[in-house]
Structure formats: C-alpha cells, structure tokens
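> Below is the sequence, then the predicted model.
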Amino acid sequence: MTFSKQLRQEADPIFEAIFEHPFVKGIGEGNVPKEALIHYVQQDYEYLTTFCRIYGLAVSKCTDREDMTFFQEQIGFVLNAEIHPHNNFCKVAGVRYEDLQKAPLAPTAHHYTRHMMEAATNGTLGETLAALAPCPWTYWEIGRKLIKEVKPTPTHPFYEWITFYGDKEVSTITQTFMDKIDACAAKASEYEKKRMRDHFITSTQLEHQFWTMAYTQETWPVPIKSIQVI
Ligand SMILES: Cc1ncc(C[n+]2csc(CCO)c2C)c(N)n1
C-alpha cells in the first residue's frame, strides 16, 4: 500500500466524522444556518490568506521546478478560484463578501493555520505536504460524495460549492498531493514518516474542528475588542 493510502486509511474515522458533520450534512440538504455560513467565510478568508503564505514557504523547500510550479499554481487557485465557493455561501446568507474580510482569527482557525505554518517553517518538504494535504483531500471527498448522493441541480442553494469541490480540478490537486507525498516518503527516514503521519492526522482533525468552529460560531472565551493580525 502506498504511504498516502496508509495515511488515508488511518484518518478514515475523521473523514467519516467530517461527512457526518451537521455543517457538511447541511450543505447537502441545502440548509445551513446563516450565522454558520458567515462565520465560516470570515474565518476561511483568513485561513486561505495564510495558506498562500505557507505555499510560499513550501516553494523555499523545493529543489525542482515541477514542485515549485505546482505550489505557484496553487497560490493562483486559492486567490482566484476559491472566491467562488465563498460567494456561494455569501449569496445564501444574504451578505456582501467584502463585509466578511479581515476578521480576527477564532481559536480553531488560529490553531490550524499555526499548525501548518510550523510544519512548513521547521519541517521538510514531505512534512509540509502532509500538513497541507487534508485541506484539498477532505473537500474533494465531501464534494464527490455530495455530487453522488444529492445529485444537485443548479437550483440547489449550494450547487456551486458542491460542484466546485467535487470537480476534476480539486481531484487533480488532491492526486498531485498524494503523488508528491509518496515521492517524499520513498526517500524519508522512519522518523520523518512518523512526523508526516502526525501532521496529516492533526490537520484532518483540524478540518473537522473547523466545521464545528463555524457551526458553533466559536470565539475566544473572554471577549476583547481585537484587531486583525494574520
Ligand atoms: C478550512 C478549509 N479547508 C479546506 C479548504 C479547501 N481548500 C483550501 S486551499 C485548497 C486548494 C489547495 O491548493 C482547497 C481545496 C478550505 N477552503 N478551507
């Protein structure tokens, strides 16, 4: 079994919990509370900004141009394409996208972005890829599953979101992550592979936690007027 398949198998209980999450179920059923959609977009906008910065760190770990090109293309994808699913959520919530930008990070979004930053700052290319992979991987599987089970038509409130993530492009991104993880694992020590596994599991847990954060509109326990600092 390939290393990436092993990671997927180990993380399976978390993937299953994500598919059963009330936010994710709600996307399929076309019914997510407005407050949850707003909190999600506010946090995800900041999450994606950090994701681009981490791709920049990932470029600094590359020794061949093919890897560099992949990360460079992904920065473009996050900046230019992921506004579509965000706009879908904003339209359903009845709010303007511009009004949801520059929010301070909630605890889970803070934890998740810092976890990936740490892997990309102190880890190898393999560790960085393992920490980032659950992001496209879980979304692609959610999209694929909802397309199969819900068979959404353009009148479905989350048609754009579901077809965006279940489509070929996110499938190809996920496959590229798997291939690159396997190429790194083939050259990695047992210690490095343990770290890759640990990063992958933690990020998958944080993907699940990110849905809960939005669904419960998580905030810091003691409210303080905060300024946005990424
Ligand atoms: C919390 C969270 N997790 C995953 C995604 C989806 N996503 C983010 S970046 C990317 C492409 C990777 O190059 C994909 C598919 C999201 N928007 N928010």
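Here it is on my side, so go on. This one's a predicted model, so the numbers in the text were calculated from it and none came from an experiment.

> any idea of the mean pLDDT for the helix or strand hosting His39?
Per DSSP states H and E: His39 is located in helix 34-60. For helix 34-60, mean pLDDT is 97.

> For the chain, what lies in contact range of the ligand?
44, 47-48, 51, 74, 77-78, 82, 135-136, 139, 170, 173, 207, 210 (Cβ under 6 Å from any ligand atom). For glycine as for every other residue, the C-beta is placed from the backbone atoms N, C-alpha and C.

> so where's this protein uncertain?
227-230 (pLDDT under 70).

> Which residue ranges of it form helices?
Along the chain, counting by DSSP state H, helices occupy 3-10, 12-19, 22-29, 34-60, 65-76, 83-93, 107-122, 125-132, 134-150, 159-166, 168-187, 190-216.

> In a markdown table, list those along with mean neighbour count.
Shown next, in a markdown table, are those (neighbours: other Cβ atoms under 10 Å):
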| stretch | mean neighbour count |
| --- | --- |
| helix 3-10 | 17 |
| helix 12-19 | 16 |
| helix 22-29 | 18 |
| helix 34-60 | 19 |
| helix 65-76 | 15 |
| helix 83-93 | 18 |
| helix 107-122 | 19 |
| helix 125-132 | 26 |
| helix 134-150 | 20 |
| helix 159-166 | 20 |
| helix 168-187 | 17 |
| helix 190-216 | 19 |
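
> Which stretch among those helices approaches Leu100 most closely?
Counting by Cβ to Cβ, Leu100 lies closest to helix 34-60 out of the helices of the chain; the figure is 4.7 Å.

> orientation of the closest one relative to helix 134-150 in degrees?
130 degrees (axes from the mean of the first three to the mean of the last three Cα atoms, to 10 degrees).

> ok, the closest residue to Ile142 other than its chain neighbours to the ligand distance?
In this structure, Ile142 finds its nearest non-sequential neighbour in Val24, 5.8 Å apart by Cβ to Cβ, 6 or more residues apart in numbering. Applying Cβ to the nearest ligand atom, to the nearest Å, the value for Val24 to the ligand is 12 Å.

> Could you check the angle the helix holding His39 makes with helix 107-122?
Using the same axes, to 10 degrees, helix 34-60 lies at 0 degrees relative to helix 107-122.

> would you turn the helices of the chain into a markdown table with distance to Ile224?
Listed next are the helices of the chain as a markdown table, based on distance: least, Cβ to Cβ, whole Å:
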| stretch | distance to Ile224 |
| --- | --- |
| helix 3-10 | 38 |
| helix 12-19 | 31 |
| helix 22-29 | 27 |
| helix 34-60 | 17 |
| helix 65-76 | 33 |
| helix 83-93 | 26 |
| helix 107-122 | 13 |
| helix 125-132 | 29 |
| helix 134-150 | 29 |
| helix 159-166 | 33 |
| helix 168-187 | 37 |
| helix 190-216 | 18 |
